[in-house]
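**Q** Next one to model:
(2 chains)
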Amino acid sequence: MIDIKFIRSNVDAVRTAIRNKNEKADLDAILTLDENRRKLQFDFDNLKSHQNSVSATIAAKKKAKEDARVELAEMSKAAEAIKQISAALNAANFELEKALLTIPNLPQPEVPVGLDESFNEVMKYWGEKPNFAFEPKDHLEIANQNGFLDLPRGAKISGSGFPIYTGKGAKLERSIINFMLEYHLQKHGYEELMVPLAVNRKTMTGTGQLPKLEEDMYHIDLDDLFLIPTAEVPVTNFYADEVLSYKDLPKCYAAYTPCFRREAGSYGKDTKGLQRLHQFNKVEMVRFVEPETSATALEEMLANAEAILQAFGLHYRVLSLCTGDLSFASQRTYDLEVWAPGMQKYLEVSSVSNFGEFQARRANIRYKDKEGKVRHLHTLNGSGLATPRLMIALLETYQQADGSFRIPAVLQPWFNIKL
RNA sequence: GGAGAGUUGCCGGAGUGGUUGAACGGGACGGUCUCGAAAACCGUUGUAUCUUUACGGGUACCCAGGGUUCGAAUCCCUGACUCUCCGCCA
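**A** Okay, the predicted model is just below:
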């Protein structure tokens, strides 16, 4: 959420940001609501102030056993007016709050301006596209040949997009998750969190999924709970409504969770194999930092995510997302795209974002700085990484001429773990 | 799911419907003292919002939302959460 005071004094900047992000938000309506609210607040305060002082007089007179009927009569009427204006003020605050939730975060100045993904900037490439002495197969063929996946039965049980990993495939998936998670814990200093997979409405609003993305999420009507689309949601809200100390910062958490996405509106797009799923596994990194350090933290988290791909020896590239491709809540985002030699394309496996104080403001996460001032902190998160497309890249990169799959060296200890 | 108890400031813990932003204790911070520290003593210890160039001032906030009242931390209703007991269950 953007501070209303900031909006008030930076109308043009906010307007531009909304346009560049292809968002719809009625800024003028918000300014009017704000105007109205402040007027009501002013009136309410004055009436209350008067009421308080007269009430004190009544109290004093009663104590002195004097007649207070004049005051009581006046206050009886005033109370009615206060009740009305109080209701109006509450409504105004509610409306403004609701409207403010539809304003996206402002992109940082470094973010390339552009309508869609074609304006994203490639920051760098790492490694090389692998060469094969044979025609590389796509991951689905490799998976099927080796008995790693059973997508038809997943579809039977739940629907398309709910994969079943079978036998060695399941173990491979689990090895990947364990490896990535431990890597972040041991080499990058993150602390592990195991979190709820179903969260309430307030939590979803805190990180910015609501109100915009309600259609993209699985919802349990009976309890008004949502299945998380990413661990970012429960992990970032870990500190909702709390005030931390600057001494506690930065806080760095990593969490493995399944993620659930309805992918509404993307039917028929990239559906082959594991490219786009309703349920998938992901290790997520989240940081809570002092505002001054969030830019550096973003670069570190990007490096943390890259380290995984490098450990796997996979060719990838880093993109800086343009304004039109930035998420609603993000100020600046890097995407990691891994090369899938069978499908001959780059696939997004990670998104690393700096949200500034946007989420902290929504979720009410603050900290007390060195001067003792209470401020909103900054939040960041990054996938480290999402498994399905990583699995695609691994299967396709480490396939052998006979269609078998060679477990990458770094995964061997995790895959061949002995009791 | 049924029955009961509770939710006050950083923490513990008072609080009769009328100077209660909230006693008291602890912690933390600043100061005096000291070579330094401890102890002791003195002081400080909110958040939001409106207004003001500023100093300051107003208002709200004792889990949340309603209600009663001239006036509510204090009375009533609803909800959330925590704890105890019973039932059910991985």
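**Q** Tell me if A:Phe238 really is in a helix.
**A** Yes. According to DSSP: H, G, I helix; E, B strand; the rest coil, A:Phe238 belongs to a helix.
**Q** show me what contacts A:Val349?
**A** A:309, A:316, A:336-338, A:383, A:385-386, A:389-390, A:393 (C-beta atoms under 8 Å, 6 or more residues apart in numbering). Quick note: C-beta positions are derived from backbone N, CA and C, even for glycine.
**Q** host element of A:Ala401?
**A** Using DSSP states H and E, A:Ala401 sits in no helix or strand.
**Q** For stretch A:292-301, give the mean pLDDT please.
**A** Per-region confidence: stretch A:292-301 scores 97 on mean pLDDT.
**Q** quick one: contacts of it?
**A** The contact list for stretch A:292-301 (C-beta under 8 Å, 6+ apart) reads A:250, A:285, A:287, A:289, A:332, A:334, A:352-354, A:356, A:378, A:380-382, A:384.
**Q** In those residues, find the pair that's most separated.
**A** Distance extremes for the contacts of stretch A:292-301: the farthest pair is A:Gly356 and A:Gly384 at 20.5 Å, using C-beta to C-beta.
**Q** Can you tell me the element the residue nearest to A:Ala363 when sequence neighbours are not counted falls in?
**A** Nearest non-adjacent residue to A:Ala363, counting by C-beta to C-beta, 6 or more residues apart in numbering: A:Gly206, 3.3 Å away. Assessed by DSSP H and E, A:Gly206 sits inside helix A:201-207.
**Q** May I see the buried residues of that helix?
**A** Neighbour-count burial for helix A:201-207 flags A:203-207 (criterion: 16 or more other C-beta atoms under 10 Å).
**Q** Next up, the contacts around A:Ala78.
**A** Going by C-beta under 8 Å, 6+ apart, A:Ala78 touches A:47, A:50-51, A:54.
**Q** Please list only the buried members of the residues you listed.
**A** Neighbour counting with 16+ other C-beta under 10 Å marks A:47, A:51, A:54 as buried within the contacts of A:Ala78.
**Q** And what about the last one, helix, strand or coil?
**A** For A:Val54, the secondary structure call by three-state DSSP comes out as helix.
**Q** Would you check that it makes contact with A:Ala73?
**A** No. Look at A:Val54 against A:Ala73 with C-beta atoms under 8 Å: they stay out of range, at 10.9 Å.
**Q** so how many other residues sit close to A:Leu309?
**A** 24 (other C-beta atoms under 10 Å).
**Q** Quick check: closest non-adjacent residue to it.
**A** A:Tyr316 (4.9 Å).
**Q** cool, A:His188 as well?
**A** Closest to A:His188 by C-beta to C-beta, 6+ apart is A:Asn304, at 4.8 Å.
**Q** Next one: the one you found from RNA strand B, what distance?
**A** A:Asn304 sits 32 Å away from RNA strand B, taking C-beta to the nearest atom of the strand, to the nearest Å as the criterion.
**Q** Could I get the contacting residues of that residue?
**A** A:184, A:188, A:285, A:382, A:384.
**Q** Quick check: phi and psi on the fourth one?
**A** Backbone dihedrals for A:Gly382, given as degrees, to the nearest 10, come out at phi -160, psi 140.
**Q** How about the second one?
**A** Backbone dihedrals for A:His188, given as degrees, to the nearest 10, come out at phi -110, psi 0.
**Q** Ok, the third one next?
**A** Summarising the backbone geometry of A:Met285 under the convention degrees, to the nearest 10, its torsions are phi -110, psi 140.
**Q** Which strand residues bridge it?
**A** For A:Met285, the beta-bridge partners are A:Ala254, A:Gly382 (DSSP bridges).
**Q** Please look at it and A:Ala305 and confirm they touch.
**A** Yes. With contacts counted by C-beta under 8 Å, A:Met285 reaches A:Ala305, the gap being 7.4 Å.
**Q** Find residues that contact each of the two.
**A** In contact with both A:Met285 and A:Ala305: A:382-384, using C-beta under 8 Å, 6+ apart.
**Q** out of the contacts of stretch A:292-301, who's nearest A:Met1?
**A** The closest of the contacts of stretch A:292-301 to A:Met1 turns out to be A:Gly356 (C-beta to C-beta; 10.9 Å).
**Q** which ones are touching that closest one?
**A** Taking C-beta under 8 Å, 6+ apart, we find A:Gly356 in contact with A:105, A:291, A:294, A:331, A:378.
**Q** from these, which single one is nearest A:Val195?
**A** Nearest to A:Val195 among those is A:His378, at 20.5 Å by C-beta to C-beta.
**Q** do you know how far that closest one is from A:Ala297?
**A** 8 Å (C-beta to C-beta, to the nearest Å).
**Q** Same check on A:Asp26?
**A** Counting by C-beta to C-beta, the gap from A:Asp26 to A:Ala297 is 33 Å.
**Q** So for these two, which sits in the more crowded spot?
**A** A:Ala297 (21 against 13).
**Q** As TSV, the buried ones among the contacts of A:Ala78 with pLDDT would be great.
**A** Compiled in TSV, those are given as follows (pLDDT from 0 to 100):
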residue	pLDDT
A:Leu47	93
A:Gln51	92
A:Val54	91
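**Q** Outside of stretch A:283-290 itself, list whatever touches it.
**A** With contact meaning C-beta under 8 Å, 6+ apart, stretch A:283-290 is reached by A:177, A:180-181, A:184, A:188, A:190, A:230-232, A:235-236, A:239, A:244, A:246, A:249-257, A:297, A:301, A:304-305, A:360, A:365, A:367, A:369, A:377-385.
**Q** For ChimeraX, write a command that selects the buried ones of these.
**A** Written as a ChimeraX command, the selection of buried residues from the contacts of stretch A:283-290, which uses 16+ other C-beta under 10 Å, is:
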select /A:177,180,181,184,188,190,230,231,232,235,236,239,244,246,249,250,251,252,253,254,255,256,257,297,301,304,305,360,365,367,369,377,378,379,380,381,382,383,384,385
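**Q** Identify the residues contacting A:Phe132.
**A** A:Phe132 neighbours (C-beta under 8 Å, 6+ apart): A:Pro341.
**Q** Just read off the phi/psi values of it.
**A** Phi and psi for A:Phe132, reported as degrees, to the nearest 10, are phi -120, psi 140.
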